[in-house]
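Chemist: The following comprises the amino acid sequence and a computationally predicted model.
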Amino acid sequence: MMGDKGFQAKETGSFQFCPENILPRSFYARDTRVVAEELLGHYLVHFTEEGLAAGKIIETEAYLQNDPACHAARGMTRRNRVMFGPPGHAYIYFVYGMYYCFNAVTREEGVGEAVLIRALEPVAGISLMRARRGRKDLRDLCSGPGKLVQALGITGKQNGQDLTAGTLVICRGNRSGLEIIRTTRIGIKSGGDLPLRFYVAQNQFVSVR
DNA sequence: GTCCTGATCCTCT
DNA sequence: GAGGATCAGGACG
């Protein structure tokens, strides 16, 4: 659309995609809390016809099967079946009638656990993100689970997609020197006292400070 | 079938 | 800081 011209901006990030940097399935087939913490510093990357958009993962939450806040807590349903599938796939669900949230499925097949990606630091495709979000401020692009899905152009149709091959992948980043804070999760009622949220200290792109 | 709630975000006060 | 948007899933009858 013509209106997008107003959002043309220089790319500030230095992200470069290399297929060999895609995280392998074995990365996801581990304890969900470990995966949630170790996803910080890596890159969520989405290729579309409009171009590539990517962000550094700086905030995550773990959802465990025996955890009342987890969709899988009461067993498998049509909605949550992807969580019980093989690790390294996308679990994308619709909330509040208008937003989608993106999760990476963890653990071995048969266990319903996943990591919610809550915030990214935009690194590539920033003009595309601005157009999709209808906002200019860098901090308004990916600082929340619904926002980052919109900024990257992810849709509910990608629920179940393989994160180790294809157009939606997670790539290895540099995690050295990363200072990580562990705290309670955001926006849930039951299970809210569990320390299952992880974020990068001093990062201005987290969803809640 | 009805009713209620929600892993959110935006706009207003 | 409060309230509205907006709808699928799950609980219940």
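Modeler: Structure received.
Chemist: buried sites along the lengthiest strand in chain A?
Modeler: With residue count as the measure and DSSP state E as the assignment, chain A has strand A:51-63 as its longest strand. Of the residues in strand A:51-63, A:A53, A:A54, A:G55, A:K56, A:I57, A:I58, A:E59, A:T60, A:E61, A:A62, A:Y63 count as buried by neighbour count, 16 or more other C-beta atoms under 10 Å. No exception for glycine: its C-beta is placed from N, CA and C like everyone else's.
Chemist: who does that strand touch, helix- and strand-wise?
Modeler: Here strand A:51-63 touches helix A:32-39, strand A:43-48, strand A:114-124, helix A:126-133, helix A:145-152, strand A:197-200, going by 3 or more C-beta pairs under 8 Å, 6 or more residues apart in numbering; DSSP states H and E.
Chemist: which among the buried residues of strand A:51-63 gets closest to A:V82?
Modeler: Nearest to A:V82, judged by C-beta to C-beta, of the buried residues of strand A:51-63 is A:Y63 at 12.6 Å.
Chemist: who touches the closest residue to the closest one other than its chain neighbours in this structure?
Modeler: For A:Y63, ignoring the flanking residues on the chain, the nearest one in space by C-beta to C-beta, 6 or more residues apart in numbering is A:C70 at 4.1 Å. Going by C-beta atoms under 8 Å, 6 or more residues apart in numbering, A:C70 touches A:Y63, A:L64, A:G112, A:E113, A:A114, A:G191.
Chemist: contacts with DNA strand B among those residues, please.
Modeler: Contacts with DNA strand B within those, counted by C-beta under 7 Å from any atom of the strand: A:Y63, A:A114.
Chemist: before we move on, the earlier item: could you dump the helices and strands packed on strand A:51-63 to a markdown table with mean neighbour count, mean pLDDT and distance to A:G97?
Modeler: Listed next are the helices and strands packed on strand A:51-63 as a markdown table, based on neighbours: other C-beta atoms under 10 Å; pLDDT from 0 to 100; distance: least, C-beta to C-beta, whole Å:
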| stretch | mean neighbour count | mean pLDDT | distance to A:G97 |
| --- | --- | --- | --- |
| helix A:32-39 | 22 | 98 | 27 |
| strand A:43-48 | 22 | 98 | 23 |
| strand A:114-124 | 25 | 98 | 19 |
| helix A:126-133 | 21 | 97 | 19 |
| helix A:145-152 | 24 | 98 | 11 |
| strand A:197-200 | 23 | 97 | 24 |
